[in-house]
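# Turn this into a model:
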Amino acid sequence: MAMYPRMKVLQPQPFDIVDQGVQIAGVGSGFEATIGLRVRDGNSQQLVRDFVNTGGTGVLGNFQAAPELPGVPDTPDGFVEVFDAGGADVPANMVVVPVVFGEHLVPGYFGFALRTVVQGDTLSGISQEAYGDASLYLRIFHANRNQISDPNLIFPGQQLRVPMGNQI
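Numbers count the residues shown, from 1 in each chain. Now for the predicted structure:
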């Protein structure tokens, strides 16, 4: 029989592209009905820390929050951490979710277009179509690090996220 986790993050999912107001939601239980939320960049630098009320004393409750990042992160990737902030030196029941920071990829980030790779596509070619500048291909590479390890190696059929912003 599978056990239900004491802390479950429903949003963001691993490798989601997140906004400056990082939407965090899930189900959990914490000491005195409080859990901690933390967002770190790829260098493990803490960007923001917050607390939210949820279930306590063994009762699991829904939680949601949207801590605002203080600025554009220094790295395109980072982590959302959700944990029982029970006062111990080491947080309990910590869940760590890898994320991508949209505002780092493109100024004014508001979402992404989906692009299915076809024979002959390159990231620089897709970048030229999307942004009018082939040299901005790293935006697409970093948005898809969960499925691309080499920017020169993409395959027909891959569905890529092309981050969009109001200052392309």
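# Now do the contacts for Asn62.
Applying C-beta atoms under 8 Å, 6 or more residues apart in numbering to Asn62 gives the contacts 25-27, 54. Every residue, glycine included, has its C-beta placed from N, CA and C.
# what does Gly157 give?
The contact partners of Gly157, taken as C-beta under 8 Å, 6+ apart, are 116-117.
# Quick check: it vs Glu81, distance?
Applying C-beta to C-beta, to the nearest Å, the value for Gly157 to Glu81 is 34 Å.
# same check, this time on Gln45
From Gln45 to Glu81 the distance is 13 Å (C-beta to C-beta).
# end to end, how far does stretch 100-117 reach?
Stretch 100-117 stretches 21 Å from its first residue to its last (C-alpha to C-alpha, to the nearest Å).
# Tell me where the protein has strands.
For the chain, the strands defined by DSSP state E occupy 7-11, 16-18, 24-28, 34-41, 46-53, 61-65, 77-84, 92-101, 109-116, 159-165.
# Strand partners (parallel or antiparallel) of the first one?
Read that as strand 7-11. strand 24-28 (antiparallel) (DSSP bridges).
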